[in-house]
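In: Give me a model of this one.
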Amino acid sequence: AGHVKDERDPWERYNRAVYTFNDTLDRNLIKPAAEIYRDYVPEVFQLLVRNFFGNLADVSTSIHHLLQGKPSEAGESAARVLFNTTLGFAGLGDPASEMGFAKTSEDFGQTLAVWGARPGPYFMLPLLGPSTVRDSFGTVADMRLDPVDGVIPSGDGRIAAFTLIALDRRKTLLGAEGTLDALSFDRYSGLRDAFLARRRSQVYDGDPPPISNEED
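Out: Okay, the predicted model is just below:
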């Protein structure tokens with residue numbers, strides 16, 4: 001009673017069910033594993049993991065900048081890959097940041113948005129979490145084009161690589177959970193609203209226009 005339906009989330013019943021599944025898995029497996037990774041894996045190893053896979057992500061980011069019509073940003077991301085792969089010993093170091101080449105992040109969902117695709121309804125993906133219809137298609141494309149597959153060809157190696165990536169990403173969220181809980185009585189809706197606001201900001205490179213009746 002008293003629940004107000006959000007027009008951005010017409011599949012809320014399904015999304016809440018998937019959220020509950022994801023949250024149960026996270027609380028019982030993923031979060032404890034991320035805490036062990038944070039507390040017991042040497043910080044220097046964590047940094048090397050973040051740098052190495054971040055360097056591979058810069059390859060995709062450079063391509064997406066080009067697809068979005070931003071050649072200057074594409075060149076900067078490409079320069080990061082060049083310097084970090086060579087001077088940074090295959091991406092284990094990050095001298096490019098010290099040289100003034102700022103790290104950015106772009107994905108296929110953002111590229112589709114620049115091409116004019118609307119976000120569509122909010123959509124909770126099993127294991128992967130919050131998304132939209134547009135970003136779900138983008139996620140599939142990014143998975144197929146992920147440079148990790150080219151650098152780490154073996155099946156077991158890829159599993160280990162994606163596990164490390166997932167643990168490192170989950171580790172970065174450990175400190176933000178209390179804030180989300182404090183800001184919302186309903187953790188599901190708080191996560192949804194935060195995700196949609198963040199994605200809108202990313203699409204507009206951190207400077208979104210005022211919200212209108214039109215979807216961005």
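In: can you pull the contacts of residue 42?
Out: The contact partners of residue 42, by CB atoms under 8 Å, 6 or more residues apart in numbering, come to none. Bear in mind the C-beta positions are built from the backbone N, C-alpha and C, glycine included.
In: From residue 88, how far out is it?
Out: Residue 42 sits at a distance of 19 Å from residue 88 (criterion: CB to CB, to the nearest Å).
In: burial measure for residue 91, as a count.
Out: Applying other CB atoms under 10 Å, we find 24 residues neighbouring residue 91.
In: check contacts around the nearest residue to it once chain neighbours are set aside.
Out: Excluding its sequence neighbours, the residue lying closest to residue 91 (CB to CB, 6 or more residues apart in numbering) is residue 55, at 3.0 Å. Contacts for residue 55 (CB under 8 Å, 6+ apart) come out as 80, 81, 84, 85, 88, 90, 91, 94.
In: Where does the prediction get shaky in this structure?
Out: 1-4, 176-184, 212-216 (pLDDT under 70).
In: longest single helix anywhere in it?
Out: Across the chain, the longest stretch assigned as helix under DSSP state H is helix 43-67.
In: can you give me how far that one is from the chain middle?
Out: Relative to its chain's centre, helix 43-67 lies at 12 Å (CA atoms, centre = their mean, to the nearest Å).
In: quick one: buried residues of it?
Out: Neighbour counts over helix 43-67 (16 or more other CB atoms under 10 Å) mark 46, 49-67 as buried.
In: The chain: helices as residue ranges?
Out: For the chain, helices defined by DSSP H occupy the ranges 12-25, 31-40, 43-67, 71-86, 95-98, 108-114, 133-144, 147-151, 155-172, 177-183, 187-203.
In: right, so these: which one is the most enclosed?
Out: Among those, ranked by average contacts under mean count of other CB atoms under 10 Å, first place goes to helix 108-114 (a mean of 21).
In: Summarise which helices and strands that one is packed against.
Out: In terms of contacts (3 or more CB pairs under 8 Å, 6 or more residues apart in numbering; DSSP states H and E), helix 108-114 is packed against helix 43-67, helix 133-144, helix 187-203.
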